[in-house]
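Asks: Starting from these lines, generate the structure:
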Amino acid sequence: MPRWAHETEDRREQILDAAMRVFVEKGFVRATNKDVAREAGITPGLIYYYFENKEAVLQAVLEERSPVQVLAHIPEEMLVQPPRSSCPN
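Replies: Now for the predicted structure:
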């Protein structure tokens, strides 16, 4: 993968992480892309390079960061392992 492609993916992830924090703190309706940009440490215009609007950011958060999606990316061999016990033997 070219370096720029990796940086692009990192920046997109950075925006989604920031959006999640802002949406939790302010709620989706009160949050703005300016708030998300500030949280991500980028300019507001850069969000529009990756997403059409705030609704598209939310859609990406829901599609990519929901517990169901996270579980879908866990390797199958990890899912069949027994849980670790926190109790001393």
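
Asks: from here on, contacts and neighbour counts on C-alpha atoms
Replies: Will do.

Asks: show me where pLDDT drops low in the chain?
Replies: Within the chain, the segments meeting pLDDT under 70 span 1-8, 68-71, 73, 85-89.

Asks: if we go to 80?
Replies: 1-9, 66-89 (pLDDT under 80).

Asks: mind listing what's buried in whichever strand or helix holds residue 59?
Replies: Here residue 59 sits within helix 54-65, counting by DSSP states H and E. Residues of helix 54-65 classed as buried: 54, 57-58, 61 (neighbour count, 16 or more other CA atoms under 10 Å).

Asks: out of those, who's nearest residue 44?
Replies: Using CA to CA, residue 54 is the member of the buried residues of helix 54-65 that lies nearest residue 44, at 11.1 Å.

Asks: shouldn't the closest one be in contact with residue 33?
Replies: Yes - Residue 54 is in contact with residue 33 according to CA atoms under 8 Å; the separation is 6.3 Å.

Asks: still on that earlier bit, who does the helix holding residue 59 touch, helix- and strand-wise?
Replies: With contacts defined as 3 or more CA pairs under 8 Å, 6 or more residues apart in numbering; DSSP states H and E, helix 54-65 has these neighbours: helix 3-26.

Asks: what do you get if the cut-off is 10 Å, keeping everything else the same?
Replies: On a contact count with 3 or more CA pairs under 10 Å, 6 or more residues apart in numbering; DSSP states H and E, helix 54-65 meets helix 3-26, helix 33-40, helix 44-50, helix 67-72.
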